[in-house]
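# fold the following, please.
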Amino acid sequence: MKNTRPAAKAAYHHGNLKAALIEAADTILRDHGIEGFSLREAARRAGVSIGAPAHHFGSATGLLTEVALLGYESLGQALSAVRPTDDPGADLQQLALAYVGFALAHPGRFRLMFRPDLVNRDDPRYGLASTAALTGFATAIGRRKGGMAEIFMVWSSVHGMANLVLDGKAKYLFDGALPEDFVAHILPDLLAEAWPFGARSGPQDRS
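Numbering: from 1, shown residues only. From the prediction side, this is the model:
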């Protein structure tokens, strides 16, 4: 097995200890989930003393908040890769696929981002990061009908899809489909049925 400790120590000596610890925590979440995280394990993976994470981040919450911020940044990148068109239904389908795809690609980050017991939502950066990541998504939803009720209902639906996929529930409903196959081959058809192309029901279209 390749030993990554020298690289971690090199990062420490070059003044990148905080970045090394954030990367270590992110890797733990990816490999073992939130349940497998500890400051001790983050320190071990970064190749530093057990007291280093608390010294730089104050607590486990401080370090996990940094990973959550990283999660919102990467979610924003995934959603912003969907370029807006003149078809709100088509845009919403693609954004939903990007959202669920992000959750499947980064399950540790995704689960952490929405855990108020594990991250510091009072950190001003948290609100800024979440707003920046989701503004385009909310705008696309608003183009269909507008209003916070629609945004809440659609976001709840897409977020629920992501969690069901992560929890492996799709296979019980779709003939044993694995999460990756479900997202690639089944979910697009479900989204097309829910939000068909060309669907417009904004205030400008009401008679």
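
# all contacts plus neighbour counts: C-alpha atoms, from now on.
Fine.

# distance between the ends of stretch 102-115?
According to C-alpha to C-alpha, to the nearest Å, stretch 102-115 extends 17 Å from its N-terminal end residue to its C-terminal end residue.

# who touches that stretch?
26, 29-30, 33-34, 64, 67-72, 75, 78, 118-119, 162-163, 165-166, 179-180 (C-alpha atoms under 8 Å, 6 or more residues apart in numbering).

# in ChimeraX, how would I select the buried members of these?
For the buried members of those, the matching ChimeraX selection, counting by 16 or more other C-alpha atoms under 10 Å, is:
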select :26,29,30,33,34,64,67,68,69,70,71,72,75,78,118,119,162,163,165,166,179
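
# the contacts of stretch 102-115 in helices, which ones?
With helices defined by DSSP state H, the entries of these inside them are 26, 29-30, 64, 67-72, 75, 78, 162-163, 165-166, 179-180.

# residue ranges with poor pLDDT in this structure?
Low-confidence segments of the chain, defined by pLDDT under 70: 1-15, 146, 198-207.

# buried ones in the helix or strand A98 falls within?
In this structure, A98 is located in helix 88-105 according to DSSP states H and E. Neighbour-count burial for helix 88-105, counted by 16+ other C-alpha under 10 Å, picks out 88-104.

# what of stretch 155-170?
The neighbour-count criterion (16+ other C-alpha under 10 Å) identifies W155, V158, H159, M161, A162, N163, V165, L166, K169, A170 as the buried residues of stretch 155-170.

# give me the residues contacting it.
Here stretch 155-170 makes contact (C-alpha under 8 Å, 6+ apart) with A96, Y99, V100, G101, A103, L104, P107, G176, A177, L178, P179, F182.

# also stretch 72-82?
Stretch 72-82 is contacted by residues 91, 94-95, 98-99, 102, 113, 129-130, 132-134, 136-137 when judged by C-alpha under 8 Å, 6+ apart.

# next, count neighbours for K145.
The burial count assigned to K145 is 19, neighbours taken as other C-alpha atoms under 10 Å.

# tell me the spacing between it and L95.
For K145, the distance to L95 under the criterion C-alpha to C-alpha works out to 16 Å.

# what do you get for R125?
For R125, the distance to L95 - C-alpha to C-alpha - is 24 Å.

# likewise I50?
As for I50, its distance to L95 is 41 Å (criterion: C-alpha to C-alpha).

# farthest pair within the contacts of stretch 72-82?
Maximum pairwise distance among these (C-alpha to C-alpha): 23.9 Å, between D91 and M113.

# quick check: domain ranges of this protein?
5-58, 64-202 (automatic domain parsing).

# how far out from the middle of the chain is the longest one?
Shown here is domain 64-202, whose average C-alpha point lies 8 Å from the average C-alpha point of the whole chain (C-alpha atoms, centre = their mean, to the nearest Å).

# burial of D86, as a residue count?
For D86, the number of neighbouring residues by other C-alpha under 10 Å comes to 9.
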